[in-house]
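**Q** sharing a model that was predicted from the sequence below.
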2 protein chains.
Amino acid sequence: MNPLSTRALKNLIRETGARASRGAARELARSLEDIAWDIAERSRDLAEHAGRRTIKEKDIRFAVREIREND
Amino acid sequence: MNPLSTRALKNLIRETGARASRGAARELARSLEDIAWDIAERSRDLAEHAGRRTIKEKDIRFAVREIREND
């Protein structure tokens, strides 16, 4: 499964005003997929903690906040 | 621009063993796009710091490491 388009991420990098090597865009795609896994697993644990089997938007937000507050 | 497929991210969430509401998958897509921006801008600054105008794979890795080490 490849949820992240390397081409789209190359365009995103360019929008910051920089050029991007192909390897950079691929690395960004790989990293984001890892981060997506972390967020999803954390969200699953948060949903289970709340007695649910379905992840809700608020679980994602909670999980992301934990990651980014430490940023 | 939408570099992240909500459908693919819903599948990713399901692979953790949980169910996902549609709102959850959308929120994950939004969050990842924000994170992608942070990584791209940080990488641009790192490339400039190194006297380059092109972001390389190693800039992305450095930027991601900074974010995730605080995780």
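**A** Great, that's in hand. Residues are numbered from 1 along each chain as shown, chains lettered A, B, ... in the order given.
**Q** now A:Leu12: which helix or strand?
**A** helix A:6-15 (DSSP states H and E).
**Q** quick check, that helix touching chain B?
**A** Yes. Using C-beta under 8 Å from any C-beta of the partner chain, helix A:6-15 reaches chain B at A:Ala8, A:Leu9, A:Asn11, A:Leu12, A:Ile13, A:Glu15. The way it works is simple: take the backbone N, C-alpha and C, and place the C-beta from them, glycine included.
**Q** and which of those residues is nearest B:Arg42?
**A** A:Ile13 (11.2 Å; C-beta to C-beta).
**Q** neighbours of the closest residue to the closest one other than its chain neighbours, how many?
**A** Nearest-residue entry for A:Ile13: A:Ala20, 3.9 Å, with adjacent residues in sequence omitted and distances by C-beta to C-beta, 6 or more residues apart in numbering or on different chains. Burial of A:Ala20 is recorded as 27 neighbouring residues (other C-beta atoms under 10 Å in any protein chain shown).
**Q** just the CA trace of stretch A:33-51, in PDB.
**A** Output of stretch A:33-51 as PDB, limited to C-alpha atoms (Å, rounded to 0.1, in the frame of the first residue of the first chain):
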ATOM      1  CA  GLU A  33       4.100   6.600   6.300                       C
ATOM      2  CA  ASP A  34       6.000   5.700   9.500                       C
ATOM      3  CA  ILE A  35       4.500   8.700  11.300                       C
ATOM      4  CA  ALA A  36       1.000   7.700  10.000                       C
ATOM      5  CA  TRP A  37       1.500   4.200  11.600                       C
ATOM      6  CA  ASP A  38       2.500   5.700  14.900                       C
ATOM      7  CA  ILE A  39      -0.500   8.000  14.900                       C
ATOM      8  CA  ALA A  40      -2.900   5.100  13.900                       C
ATOM      9  CA  GLU A  41      -1.600   2.700  16.600                       C
ATOM     10  CA  ARG A  42      -1.700   5.400  19.300                       C
ATOM     11  CA  SER A  43      -5.300   6.300  18.200                       C
ATOM     12  CA  ARG A  44      -6.300   2.600  18.300                       C
ATOM     13  CA  ASP A  45      -5.000   2.400  21.900                       C
ATOM     14  CA  LEU A  46      -6.800   5.600  22.800                       C
ATOM     15  CA  ALA A  47     -10.100   4.300  21.400                       C
ATOM     16  CA  GLU A  48      -9.600   1.000  23.300                       C
ATOM     17  CA  HIS A  49      -8.900   3.000  26.400                       C
ATOM     18  CA  ALA A  50     -12.200   4.700  25.900                       C
ATOM     19  CA  GLY A  51     -14.000   1.400  25.500                       C
END
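**Q** cheers, nothing more for now.
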